[in-house]
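Trainee: would you be able to build a 3D model of this:
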Amino acid sequence: MPARSNADPEATVAAVRAVATWLRDEAAATPDRPAIAAAVRLTARTLATLAPGASVEVRIPPFVAVQCISGPRHTRGTPPNVVETDPRTWLRLATGLLDVDQASHNGALRLSGSRAGEVAAWLPVVSLTD
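Mentor: So this is what the prediction gives:
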């Protein structure tokens, strides 16, 4: 499934900055659902734009799933290469506050299939430098 639309880089940065305190500090107040959803969707769509293709499916329930990374295309059933995580972990990965190896090791990121780990080469997609 191609991304619905390319993410506007300025909108993506703004959406991520709106939840940045929560990403840096787990004890911070959780942002409202629409703010989290916007940041998750825009960063995932940015990944799909930067790494076009359909060999790996990235799932961040309940907000978005995108296909990315060139290679054999998946068309039916359960995809062979899946990356799945929760919204906060995804945003920490997408901003470089957490790396794929750390997230996978602590169980916050599930990688299945021989190509799922390739997503690490495309992260982060947004920098949170002040």
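Trainee: pull out the buried residues from the biggest helix by length in the chain.
Mentor: Among the elements of the chain assigned as helix by DSSP state H, the one spanning the most residues is helix 33-50. Neighbour counts over helix 33-50 (16 or more other Cβ atoms under 10 Å) mark 36-49 as buried. For glycine as for every other residue, the C-beta is placed from the backbone atoms N, C-alpha and C.
Trainee: so what touches it?
Mentor: The list of residues contacting helix 33-50 from outside it, by Cβ atoms under 8 Å, 6 or more residues apart in numbering, reads 2-9, 11-12, 15-16, 18-19, 30, 58, 60, 63-68, 87-88, 90-91, 94-95, 119, 122-123, 125-126.
Trainee: elements contacting the very next helix or strand once past it?
Mentor: Scanning forward in sequence from helix 33-50 by DSSP states H and E, the next helix or strand is strand 56-60. The elements that strand 56-60 packs onto, with contact taken as 3 or more Cβ pairs under 8 Å, 6 or more residues apart in numbering; DSSP states H and E, are helix 33-50, strand 64-68, strand 82-85.
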